[in-house]
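S.K.: Sequence first, predicted model second:
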Amino acid sequence: MDILRRVRRDAEAHQHVASSTIVVADGKPLIWASRLAGDPLPARVPGSDLIWSLSGALAEQQRSIYLLGGEPGTAAQAEEVLRRTFPGLTVAGRMSPPFGFDTRPDQMTAICAEVARARPDLVFVGLGFPKQERLIARLRPLLPNAWFMGCGAAIGFVAGVHRRAPLWMQRTGLEWAHRLIAEPRRLARRYLLHDVPFAVRLLTESLQTRWGQAPPPPPPPLTRPPISPLPRQRRAAPTAGAEAADDRSEARPGESR
């Protein structure tokens, strides 16, 4: 939901999603909206589930992944868990970038070079939207045969640093409330002031679409210079959705999403 809200108002966010090969709905309200509009999506696909299923599939083919994201030490913990769970999986490398790395050209260049040297088949990038998508855009030309997935907080979930909501909350669309209770100071403004009102508008627009009424026009995008499309690679970047993705730009020092 948070990613969709940003995509509607921000040209850069829209370009990140538009340049992805696969976009999945990670958020129960997105599924509700599709049903209300009469064009139902088949299922919710959380990034925190995909990191398990994709790792398992790659293990069967003896292929490799790279874990990029999480708080210091989180990627290393996630690597141990995935190695135990999927013995055939190759973890080509892992890294928890320091806070503020994206503002340091030298650190950004070094991170990209290290990931490129590892030559993984799939890179899980868990830094929050849109920071992870910006890094993916830098990495794609360096690894044209790799897949990338923006996975938000999924690396932390695998490592056990963060706990997912109980299944009943996931199934009823209340996973956001579980995260809000866990991190109220960081998420209250985003969820309560921005995302909940946007969800109400989205559901209303979906009903209007179902009834044949034109929904109100979305707010105009921010004024930005034109953005050139990213080069289409043979295998490009899937993007997970808002429930699993957090914006690290709102994190405290030493914290990542």
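M.R.: Thanks, I have it.

S.K.: how about the nearest residue to Ala75, chain neighbours excluded?
M.R.: Leaving aside its chain neighbours, Ala75 sits nearest to Arg94 (3.8 Å; criterion: C-beta to C-beta, 6 or more residues apart in numbering). All C-beta spots, glycine's among them, are computed from the backbone N, C-alpha and C.

S.K.: does that neighbour count as helix, strand or coil?
M.R.: Here Arg94 is recorded as strand under DSSP: H, G, I helix; E, B strand; the rest coil.

S.K.: same deal with Val91?
M.R.: Applying three-state DSSP: Val91 is strand.

S.K.: per-residue confidence for it?
M.R.: Listed pLDDT for Val91 reads 97.

S.K.: Distance of it relative to Arg84?
M.R.: 11 Å (C-beta to C-beta, to the nearest Å).

S.K.: Compare neighbour counts for these two and give me the winner.
M.R.: Val91 (20 against 9; other C-beta atoms under 10 Å).

S.K.: so who does the more buried one touch?
M.R.: The contact partners of Val91, taken as C-beta atoms under 8 Å, 6 or more residues apart in numbering, are 64-67, 79, 82-83.

S.K.: What of Ala177?
M.R.: 165, 169 are the contacts of Ala177 under C-beta under 8 Å, 6+ apart.

S.K.: is it true that it lies in a strand?
M.R.: No - per three-state DSSP, Ala177 lies outside any strand segment and is helix.

S.K.: how far away is it from Glu183?
M.R.: With C-beta to C-beta as the criterion, Ala177 and Glu183 are 12 Å apart.

S.K.: Need the phi and psi values for Glu114.
M.R.: Backbone dihedrals for Glu114, given as degrees, to the nearest 10, come out at phi -70, psi -40.

S.K.: unless I'm mixing things up, it is touching Ala92, no?
M.R.: No - with contact defined as C-beta atoms under 8 Å, Glu114 does not reach Ala92; the gap is 10.5 Å.

S.K.: number of nearby residues for the residue nearest to Arg190 when sequence neighbours are not counted?
M.R.: Among residues not flanking Arg190 along the chain, Asp2 sits closest, at 6.5 Å (C-beta to C-beta, 6+ apart). Residues contacting Asp2 under the criterion other C-beta under 10 Å number 23.

S.K.: Asp2 contacts Arg189, correct?
M.R.: No - judged on C-beta under 8 Å, Asp2 makes no contact with Arg189 at a distance of 11.6 Å.

S.K.: residue ranges for the strands of the stretch 101-250 of the chain, please.
M.R.: Remark: strands assigned in the stretch 101-250 of the chain by DSSP state E, counting those that start in this stretch are 122-126, 147-150.
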